[in-house]
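Undergrad: Quick one, fold the following:
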Amino acid sequence: MTVTANKVPGVEARAGKFRGPSLIPLLNAIQARRGWLPREELEALSRQQKRPLYEIEGLVSFYPHFLTAPPKDVTVRVCRDLACWLKGAEGPAADLEARYADAEDVDVLEISCPGRCDMAPAATVNEKPVRLEDVPAAIEQAAGGHHDLGATVAYVPEGGWPNDPYASGEHHYRSLRALLSGQVSPEQVITALQDAGLRGMGGAGFPTGKKWELVRAAEGEVKYAICNADESEPGTFKDRQLLAEQPHLVLEGLLMGMVVTGAEEGWVFIRHEYGPEEAVLHTEIGRLREQGLIGPDVLGTGRRLMLDIFTSPGGYILGEETALIECMEGHRGEPRNKPPFPGNYGLWGKPTLMNSVETFADVPAIVGKGADWWNAQGVNGATGLKFFAVSGHVERPGVYCVPMGTTIRELIDVAGGVAGGAELEAVQPGGASSNFLGPEHLDVPLDFGTLAEAGSMLGSGAMVVMAAGTDALAAATNVLRFFRNESCGKCVPCRVGSTKAHDLLTDTLTSGGELDEARKARLLELELVLRKSSICGLGQVALGPVVSVLGRQRGGTTARPQPRD
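TA: From the prediction side, this is the model:
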């Protein structure tokens, strides 16, 4: 694959440079083999690939997964983001750091949300997800040479997931086979998606049928498809479960998208923290290969369909579609200016179809059962089904599939209600980037339009619940801290603005003083600048949760001490 010479906004600085395959998988392979990236390995890679060493060093310095020094025998990474913070991670995390401060073979570090909010407070021990309380036992196992990435968990309800069109034991990929055989045409697939009103379930909510239609109509013989499985926002882990429990639907939707749009090569871009789920995907891809549904000549049709997995080297910013593409091309994961959009100019400058895990997983049911069936699944004027990850102060954190339009109150009840029977303080209905809503919004249906009218958004399908008595301003500051830490640094408003706002809030919370009118005005000014001038969604939404708390006057008047940064 080669890079086109088109002058495209966002890629001018590297136009014509560093052509060739992405170095990310090669760096991943070195680290898997050596445990880190020794200088001599980087120099050897530079010579073998005929790429400048400074390019490689630029990649290594950008991505948090890459290590430039040998790690200790056991590395513990502790999460302090919102779901874990709500479950009291700060005290035990500090105790762990103190306990192992002088240990020669154990390192205790901080990690951004690893997508294990259902077991909050969470940590990883040599990449294995564990509850914070189980870290000492896991350290003993790891120190004894026991290497285990852990197992997937199951949340499938009795009777199976309602979105799965295949009965237990039934052969999968029926909709894909119908498309490959000509029983269903690409145009019929697009029409079904449009009639069903399916929208992107990763946060943007763009009409799926329209996106597929645009990529199908895009000029060029070479096209690509990508499943964005890089969910990394605090509270978000429903895509993780779809990968673990419904890999057949995710891959079937991706392959159908490839057939419809004319792409021959597709990837699942998955975060490296999802090791157990990545293993499930590899197994399912092997089944596809055995059944002849991927390869150079699929089912004897002469059609070429190739699937692979691209493991992320880390960073929340890679969930943004153009940053993800930059990473896959082998560059630093900095978002591009848009337009052009990936549907016209995506991976390697070619038209690229990109959807989220849940979006692809919905396609086989819509095509197989029909748009009318899909539309009938919704309630309160909404259509379809929706997966939610529910965490925070609820009795049963987990993943739930409910009718779109289910109210906030009803979803909390499905998750067992607010923990301990407490009253609700606030809820983030759509992940860390969504604005907080209070108890007065409990009966708002969970749908794109209704949540927007209420002042928040459906977002990534991650509901984080806070019980009464929680300091909402401190919680919002914790969210801002995540965005500050995960800013790629490309644009000044996001990089500097998020830091200034966090410093202001932390100073107020630490001193136990009031967030006076001058500071409120300063925060509102920073929010406007970030929202209007940041390149991508990270900066545009970073201060939204804080402002939503100020607007509700919950926790925004008298602040209490915030745990250490």
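Undergrad: hey, let's count contacts and neighbours off CA atoms from now on
TA: OK.
Undergrad: Name the helix or strand for residue 387, please.
TA: Assigning secondary structure by DSSP states H and E places residue 387 in strand 385-392.
Undergrad: which of the residues in that strand are buried?
TA: 385, 386, 387, 388, 389, 390, 391, 392 (16 or more other Cα atoms under 10 Å).
Undergrad: Tell me the secondary structure at the spatially most central residue of the chain.
TA: Nearest residue to the geometric centre of the chain (Cα atoms, centre = their mean): residue 231, 0.9 Å. Under DSSP: H, G, I helix; E, B strand; the rest coil, residue 231 falls in the coil class.
Undergrad: List the residues that contact it.
TA: Residues in contact with residue 231, defined by Cα atoms under 8 Å, 6 or more residues apart in numbering, are 115, 237, 239, 271, 316, 319.
Undergrad: Now the second one: phi and psi?
TA: For residue 237, the backbone dihedrals are phi -150, psi 20 (criterion: degrees, to the nearest 10).
Undergrad: how about it, what does it touch?
TA: Taking Cα under 8 Å, 6+ apart as the test, what residue 237 contacts is 115, 116, 117, 231, 389, 399, 462.
Undergrad: residue contacts, the last one?
TA: Right, the one you point to is residue 462. Neighbours of residue 462 in contact, by Cα under 8 Å, 6+ apart: 235-238, 388-391, 428-432.
Undergrad: Which residues does it form beta bridges with?
TA: residue 389 (DSSP bridges).
Undergrad: gap between it and residue 327?
TA: With distances taken as Cα to Cα, to the nearest Å, residue 462 is found 25 Å from residue 327.
Undergrad: The fifth one too?
TA: In this structure, residue 389 lies at 27 Å from residue 327, with Cα to Cα as the measure.
Undergrad: Walking through the stretch 51-200 of the chain, point out its helices one by one.
TA: Assigned by DSSP state H, counting those that start in this stretch, the helices in the stretch 51-200 of the chain fall at 53-62, 82-86, 90-99, 135-143, 174-181, 186-196.
Undergrad: Turn those helices into a markdown table, columns for mean pLDDT and distance to residue 109.
TA: Formatted as a markdown table, these follow (pLDDT from 0 to 100; distance: least, Cα to Cα, whole Å):
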| stretch | mean pLDDT | distance to residue 109 |
| --- | --- | --- |
| helix 53-62 | 94 | 18 |
| helix 82-86 | 96 | 15 |
| helix 90-99 | 93 | 8 |
| helix 135-143 | 93 | 13 |
| helix 174-181 | 96 | 45 |
| helix 186-196 | 97 | 45 |
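Undergrad: between the ones you listed, which one is nearest to residue 527?
TA: Closest approach to residue 527 among the helices of the stretch 51-200 of the chain is made by helix 82-86 (20.1 Å; Cα to Cα).
Undergrad: Show me what the closest one is packed against.
TA: strand 385-392, helix 472-486 (3 or more Cα pairs under 8 Å, 6 or more residues apart in numbering; DSSP states H and E).
Undergrad: could you dump the ones you listed to CSV with mean pLDDT and distance to residue 151?
TA: Formatted as CSV, the helices and strands packed on helix 82-86 follow (pLDDT from 0 to 100; distance: least, Cα to Cα, whole Å):
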stretch, mean pLDDT, distance to residue 151
strand 385-392, 97, 18
helix 472-486, 93, 27
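Undergrad: and of these, who's closest to residue 100?
TA: helix 472-486 (24.5 Å).
Undergrad: Would you mind listing the buried residues in the longest helix along the chain?
TA: In terms of residue count, the longest helix belonging to the chain (DSSP state H) is helix 492-511. Neighbour-count burial for helix 492-511, counted by 16+ other Cα under 10 Å, picks out 493-495, 497-502, 504-506, 508-509.
Undergrad: Quick check: bridge partners of residue 109?
TA: Residues in a beta bridge with residue 109, per DSSP bridges, are residue 77.
Undergrad: Neighbours of it, how many?
TA: When neighbours are counted by other Cα atoms under 10 Å, residue 109 registers 15.
Undergrad: Quick one: low-confidence residue ranges for the stretch 101-250 of the chain.
TA: For the stretch 101-250 of the chain, no stretch has pLDDT under 70.
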